[in-house]
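**Student:** coordinates only, sequence not included:
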Ligand code: HEM
């Protein structure tokens, strides 16, 4: 009786036929009628949507424990064998999360260790562009940026980088949580038996298994971890399970490690590539931004010999404002990743039964007209004060908030800053006249809102 209100939809399908390609906009349109907490029916399930920052803050901070679950799904259970972190629940998730956060800290997350890995990979990426023959490199954003991001994460997880032509790297960058058409199987699992969903589902299962096999082989190279001085997450994990008595327990733990690594690869590669891809599109649509960032780089870092590092960040308000505006304007995870309620609870007087799935409408927070002037306009300047200083905003939430917030946040922040600072120091980007100006349209499906494939021209600056 006291379930939050919301649009009714139609039997069996719920609101599915009405949402269109921007579900976040559709659900935001009900804010005036229902306020910050509403419900809707998608296929056979009732969902809760948190449509403003007050509801999101309440759920993530005051009632974090009760809202920290992930909805159960046949598809994810099958793919993850009940392991991993991103779709795990209960004590297993807590254990994995604690492990990842501690391991990343040990490995220097957000500090020099991480910075060095990112800088080295950026150099590889830029040198491939600069040495690609002529003065102009045609950059195919998805493949090339995904390889850069995968190598950064791989170095942290397995202590290994791959040559860009290595087939294993290409398999890792092709791995997804869901693929076009198989995402429907999430809500309606019986569709996995019916074409065309069946083929897509089978492909997803076999790709996942293939990547798990690659990870298995790679981690086996770490049979004798250096406990005192671990170089990567795998070594820390293996040191921990070495202490486990029974070999049966150790082999279960190893499967956990493979899925943990895969989850972090998929979670980290998709998100950072989409964020950088949208950033490139913003620079092409608003060329004055590229000029302003390059002027700032010249003033603060210089154009030759000096390499960008994190100490430069505090002197570069415009670049920071640009990064924050890309997060806001492009909102790559409009609903974050869905949560679910772990126990019956009460939210703003509404009763929410255990296992109800919950989504945060981050897109609406990023476009709330009460807070953002002309939210539909791309404007890094909105994040600068009158003296030109950068103003960090607690209403820009690309990594979400609360107990499930992104574990790679620090790494991503360092990665984004260093990418733009080093890439735009050495290169400038232009529209590829054969391709035209990249569109704002997103990929038709996926857990992350990614731009469609585009090519651009990259010219050397130095
Ligand atoms: C721009 C880059 C990134 C963005 C915007 C982003 C965003 C997010 C969001 C919105 C979530 C869901 C939070 C929630 O459920 O409330 C998440 C979870 C997660 N992210 Fe990220 N992420 C980024 C980069 C990374 C990187 C680089 C890594 C790893 C190296 C990573 C690993 C993960 C993992 C493992 C989770 C699942 C956490 C859990 O379920 O406890 N992410 N991320």
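**Tutor:** Structure's in. What do you need? Please read all numbers here as calculations on a predicted model, not as lab measurements.

**Student:** Can you say which helix or strand has residue 458 in it?
**Tutor:** Using DSSP states H and E, residue 458 sits within strand 455-460.

**Student:** so what secondary structure elements neighbour that strand?
**Tutor:** helix 112-130, strand 136-140, strand 427-431 (3 or more Cβ pairs under 8 Å, 6 or more residues apart in numbering; DSSP states H and E). Any C-beta I mention is one placed from the backbone N, CA and C, and that applies to glycine too.

**Student:** which other residues reach that strand?
**Tutor:** 129-130, 135-141, 280, 284, 426-432, 434-435, 438 (Cβ atoms under 8 Å, 6 or more residues apart in numbering).

**Student:** and it, which residues are buried?
**Tutor:** 455, 456, 457, 458, 460 (16 or more other Cβ atoms under 10 Å).

**Student:** chain center to that strand, what's the gap?
**Tutor:** 25 Å (Cα atoms, centre = their mean, to the nearest Å).

**Student:** That one pairs with which strands, and in what direction?
**Tutor:** Next to strand 455-460 in the sheet, as set by DSSP bridges, lie strand 136-140 (antiparallel), strand 427-431 (antiparallel).

**Student:** Please name the nearest non-neighbouring residue to residue 345.
**Tutor:** Excluding its sequence neighbours, the residue lying closest to residue 345 (Cβ to Cβ, 6 or more residues apart in numbering) is residue 66, at 4.5 Å.

**Student:** meant to ask about residue 175
**Tutor:** In space, residue 175 is closest to residue 211, 4.5 Å off (Cβ to Cβ, 6+ apart).

**Student:** From the ligand, how far out is residue 237?
**Tutor:** As judged by Cβ to the nearest ligand atom, to the nearest Å, residue 237 and the ligand stand 14 Å apart.

**Student:** sorry, that was for residue 374
**Tutor:** Residue 374 is 23 Å from the ligand, by Cβ to the nearest ligand atom.

**Student:** Is residue 124 in contact with residue 151, as I believe?
**Tutor:** Yes: using Cβ atoms under 8 Å, residue 124 is in contact with residue 151, at 7.2 Å.

**Student:** Which of the two has more residues huddled nearby?
**Tutor:** residue 151 (26 against 15; other Cβ atoms under 10 Å).

**Student:** can you pull the contacts of that one?
**Tutor:** In this structure, residue 151 makes contact with 121, 124, 161, 162, 169, judged by Cβ under 8 Å, 6+ apart.

**Student:** Please apply the same query to residue 363.
**Tutor:** Neighbour list for residue 363: 24, 25, 28, 331, 334, 335 [criterion: Cβ under 8 Å, 6+ apart].

**Student:** Residue 45: neighbour count?
**Tutor:** 13.

**Student:** Need the phi and psi values for it.
**Tutor:** phi -110, psi 140 (degrees, to the nearest 10).

**Student:** Please apply the same query to residue 343.
**Tutor:** Dihedral angles of residue 343 (phi, psi; degrees, to the nearest 10) stand at phi -160, psi 160.

**Student:** hang on, it packs against residue 63?
**Tutor:** No: counting by Cβ under 8 Å, residue 343 stays clear of residue 63, with 10.1 Å between them.

**Student:** So for those two, which residue has more residues nearby?
**Tutor:** When neighbours are counted by other Cβ under 10 Å, residue 63 comes out ahead of the other of residue 343 and residue 63, with 16 against 12.

**Student:** Report the closest residue of this structure relative to the ligand.
**Tutor:** residue 408 (2.1 Å; Cβ to the nearest ligand atom).

**Student:** How about residue 448, nearest residue that isn't a chain neighbour?
**Tutor:** residue 270 (4.5 Å).

**Student:** what do you get for residue 8?
**Tutor:** residue 41 (7.6 Å).

**Student:** which residues does that neighbour form a beta bridge with?
**Tutor:** Assigned bridge partners for residue 41, using DSSP bridges, are residue 46.

**Student:** Just the pLDDT for it.
**Tutor:** You'll see residue 41 listed with a pLDDT of 91.

**Student:** mind listing what it touches?
**Tutor:** Counting by Cβ under 8 Å, 6+ apart, residue 41 has contacts 6, 8, 9, 14, 15, 47.

**Student:** do the same with residue 407
**Tutor:** Neighbours of residue 407 in contact, by Cβ under 8 Å, 6+ apart: 85, 97, 100, 101, 104, 264.

**Student:** Surely the fifth one is in contact with residue 233?
**Tutor:** This points to residue 104. Yes: using Cβ under 8 Å, residue 104 is in contact with residue 233, at 7.3 Å.

**Student:** Give the intersection of the neighbour lists for those two.
**Tutor:** Common neighbours of residue 104 and residue 233 (Cβ under 8 Å, 6+ apart) are residue 156.

**Student:** just to revisit the earlier point, buried subset of the contacts of residue 41 as a PyMOL selection?
**Tutor:** Burial among these is assessed by 16+ other Cβ under 10 Å; the matching PyMOL selection reads:
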select buried, resi 6+9+14+15+47
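
**Student:** Grab the two from the contacts of residue 41 that are most spread out in space.
**Tutor:** 8 and 47 (13.4 Å; Cβ to Cβ).

**Student:** Would you quantify the distance from residue 315 to residue 327?
**Tutor:** Distance, residue 315 to residue 327, by Cβ to Cβ, to the nearest Å: 21 Å.

**Student:** Neighbour count: those two, which is higher?
**Tutor:** residue 327 (22 against 12).

**Student:** Next up, the contacts around the more buried one.
**Tutor:** Per Cβ under 8 Å, 6+ apart, neighbours of residue 327: 275, 366, 396, 398.

**Student:** Take those and lay them out in a markdown table including secondary structure and distance to the ligand.
**Tutor:** Below are those laid out as a markdown table (DSSP: H, G, I helix; E, B strand; the rest coil; distance: Cβ to the nearest ligand atom, whole Å):
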| residue | secondary structure | distance to the ligand |
| --- | --- | --- |
| 275 | helix | 4 |
| 366 | helix | 12 |
| 396 | coil | 11 |
| 398 | coil | 4 |
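
**Student:** Since that was my last question, I'll sign off now.
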